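>>> I'll drop the sequence and a predicted model, then ask my questions.
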Amino acid sequence: MSSVRTDHGTPAQGSPGPHQQNKPAPAEAETTVLLSAIGLEKTYHKDKVAIPVLRGVNLEVREGEFLSIVGQSGSGKSTLLHLLATLDQPDAGEIYFEGNQIDCLPAASRDILRNRYFGMIFQFYHLLPELTTLENVLVPTMIQLSLFQYWFSSSGHRARARQLLEMVGLSHRLKHRPQELSGGEMQRAAIARSLMSKPQILLADEPTGNLDQEASQEIMEIMRTLNQQRNLTIVMVTHDHLLARQTDRIVRLVEGRVEGI
């Protein structure tokens with residue numbers, strides 16, 4: 001199977017792209033900042049009441065690390081991850097990916113960024129119920145390519161999707177639909193889908209939040225393998241401190257601020 005970290009070609013105008021040079025030596029990779037946030041602020045409004053969620057968050061995610069973000073409910077964990085993923089925009093502050101500012105990109109460029117360079121995993125899986133497991137994994141490629149491009153190269157994409165599903169232990173579930181899968185199986189399918197475009201970073205929002213302890217550990221082992229064997233950078237929001245302790249570094253959010261990095 002191809003490495004997760006590969007060259008995607010020239011990115012669309014206005015969107016950041018991957019490094020074109022060869023992968024740096026491990027000692028250098030440890031100090032390379034892949035994704036960073038500076039002074040992020042976010043406030044939500046309910047009726048006439050302002051609810052500040054993030055109050056000037058600074059964060060650096062280094063290439064190849066497995067970082068977990070923890071904090072009490074309402075501390076801003078998921079909000080921070082959604083801002084990093086450009087699913088939402090900050091009220092103040094800046095976000096950089098490979099040295100390029102991404103929080104101010106137009107919507108089309110943000111879509112390209114998420115489709116090609118960011119892998120996303122959510123607590124509720126977000127699998128399309130009418131599609132099979134294999135078809136769900138193919139969705140990012142279907143979005144990325146025109147109908148003709150996909151049709152012309154569909155056999156190769158389907159082979160990659162099958163390889164990813166085999167990697168997460170779902171080779172026997174290719175034709176099953178989400179309602180026929182367990183929670184752990186749906187999350188494994190979601191992981192395979194997130195890897196389809198060979199992302200440079202995986203952003204996981206409470207990926208074990210709906211799973212029992214055994215299934216949670218299985219998901220954690222898959223992500224740890226991706227990080228250790230494929231050098232995939234991972235940022236995971238979790239309420240499970242036992243899982244967080246298995247990551248390289250823990251960032252704690254307290255009342256919208258980072259406490260001890």
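Perfect, thanks for sending it.
>>> dihedrals phi and psi, the closest residue to I201 other than its chain neighbours?
With sequence-adjacent residues excluded and distances taken as CB to CB, 6 or more residues apart in numbering, I201 is closest to T233, at 4.5 Å. From N, CA and C alone the C-beta is placed, and that goes for glycine too. Main-chain torsions, T233, degrees, to the nearest 10: phi -70, psi 130.
>>> which residues touch T233?
T233 sits next to 34-35, 61-66, 200-202, 227 when contact means CB atoms under 8 Å, 6 or more residues apart in numbering.
>>> those in helices, which ones?
Among the contacts of T233, the ones falling in helices (DSSP state H) are N227.
>>> closest to Q89 among the contacts of T233?
L35 (15.8 Å; CB to CB).
>>> quick one: the closest one and Y96 touch, right?
Yes. Between L35 and Y96 a contact is recorded at 7.1 Å, counting by CB atoms under 8 Å.
>>> could you check which of those two has the larger neighbour count?
Neighbours per residue (other CB atoms under 10 Å) separate L35 from Y96, with L35 holding more: 23 against 17.
>>> any idea what the more buried one is bridged to?
V61, F97 (DSSP bridges).
>>> distance check, it against T141.
Noted for L35: a distance of 24 Å to T141, by CB to CB, to the nearest Å.
>>> what's the answer for E135, then?
Using CB to CB, E135 is found at 11 Å from T141.
>>> if you count what's nearby, which of the two comes out ahead?
Per other CB under 10 Å, whichever of E135 and T141 has more neighbours is T141, with 21 against 18.
>>> that one and R116, how far apart?
According to CB to CB, T141 stands 10 Å off from R116.
>>> which residues are common contacts for those two?
The contact sets of T141 and R116 overlap at S197 (CB under 8 Å, 6+ apart).
>>> for stretch 81-101, list every residue counted as buried.
81-87, 90, 93, 95-98 (16 or more other CB atoms under 10 Å).
>>> how about JSON lines for those, with pLDDT, secondary structure and distance to R55 added?
Shown next, in JSON lines, are the buried residues of stretch 81-101 (pLDDT from 0 to 100; DSSP: H, G, I helix; E, B strand; the rest coil; distance: CB to CB, whole Å):
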{"residue": "L81", "pLDDT": "96", "secondary structure": "helix", "distance to R55": "16"}
{"residue": "H82", "pLDDT": "95", "secondary structure": "helix", "distance to R55": "16"}
{"residue": "L83", "pLDDT": "97", "secondary structure": "helix", "distance to R55": "13"}
{"residue": "L84", "pLDDT": "97", "secondary structure": "helix", "distance to R55": "16"}
{"residue": "A85", "pLDDT": "96", "secondary structure": "coil", "distance to R55": "20"}
{"residue": "T86", "pLDDT": "95", "secondary structure": "coil", "distance to R55": "20"}
{"residue": "L87", "pLDDT": "94", "secondary structure": "coil", "distance to R55": "20"}
{"residue": "P90", "pLDDT": "96", "secondary structure": "coil", "distance to R55": "11"}
{"residue": "G93", "pLDDT": "96", "secondary structure": "strand", "distance to R55": "10"}
{"residue": "I95", "pLDDT": "97", "secondary structure": "strand", "distance to R55": "16"}
{"residue": "Y96", "pLDDT": "97", "secondary structure": "strand", "distance to R55": "20"}
{"residue": "F97", "pLDDT": "96", "secondary structure": "strand", "distance to R55": "23"}
{"residue": "E98", "pLDDT": "95", "secondary structure": "coil", "distance to R55": "27"}
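>>> thanks again, I'm all set now.
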